[in-house]
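Trainee: return atomic coordinates for the entry below.
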Amino acid sequence: MDTLARLALGPATRPKILERTRKILTENFALLSNWMDGQEGRFSYRPPEAGAICYTRYRPSINSTEFAETLRTEMDLLVVPGDHFGMDHYLRLGFGPPATELEEALGRLGAAFDAVEQRSRCLA
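Mentor: Below you'll find the predicted structure:
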């Protein structure tokens, strides 16, 4: 294990790994932000300065922990609810997986929000 870490962090390999990672995160954040921007005001967010996580506020009226549990059990999606940080109506979304998986996850996330909003309209 130590040998692999030395190889990965060595002067010949580390820049290549960092370049690949930056490329993936830049492209994936573009997917995520374009998707959120196309959701008719459902989300507001500030682009992350680093890393593969975006903390976003959502408009629909559902508790973030309740929604995260629904996503986990019904949509097979894992997100971190804002309640864990004392901020309901926020989600922490990771955007590091392969682009095809991210696109699929965003489709399921959108469908889950659609269902929440549909239920809200029916109850109103």
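
Trainee: residue ranges with poor pLDDT in the protein?
Mentor: 1, 124 (pLDDT under 70).

Trainee: helices along that one, start to end?
Mentor: 2-9, 14-37, 64-75, 99-123 (DSSP state H).

Trainee: buried residues, the longest one. List them.
Mentor: Buried residues in helix 99-123, defined by neighbour count with 16 or more other C-beta atoms under 10 Å: 102, 105-106, 109, 112-113, 116. In short, each C-beta sits where N, CA and C put it, glycine included.

Trainee: which residues sit against that helix?
Mentor: Applying C-beta atoms under 8 Å, 6 or more residues apart in numbering, the contact partners of helix 99-123 are 27-28, 31-32, 35, 39, 42, 58, 60-62, 67, 70-71, 74-77, 79, 93, 95, 97.

Trainee: so how far is that helix from its chain's centroid?
Mentor: 13 Å (C-alpha atoms, centre = their mean, to the nearest Å).

Trainee: can I get the helices of the chain in a markdown table including distance to Ala52?
Mentor: Putting the helices of the chain into a markdown table (distance: least, C-beta to C-beta, whole Å) gives the following:
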| stretch | distance to Ala52 |
| --- | --- |
| helix 2-9 | 18 |
| helix 14-37 | 5 |
| helix 64-75 | 18 |
| helix 99-123 | 10 |
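
Trainee: for the most centrally placed residue in the chain, which non-adjacent residue is spatially closest?
Mentor: In the chain, the residue lying closest to the centroid (C-alpha atoms, centre = their mean) is Leu93, at 2.3 Å. Using C-beta to C-beta, 6 or more residues apart in numbering and skipping the chain neighbours, the partner closest in space to Leu93 is Cys54 (5.0 Å).

Trainee: need the contact list for the one you found.
Mentor: Counted by C-beta under 8 Å, 6+ apart, Cys54 has contacts 29, 32-33, 45, 47-48, 92-93, 95.

Trainee: check Pro60 too.
Mentor: Counting by C-beta under 8 Å, 6+ apart, Pro60 makes contact with 42, 113, 116-117, 120.
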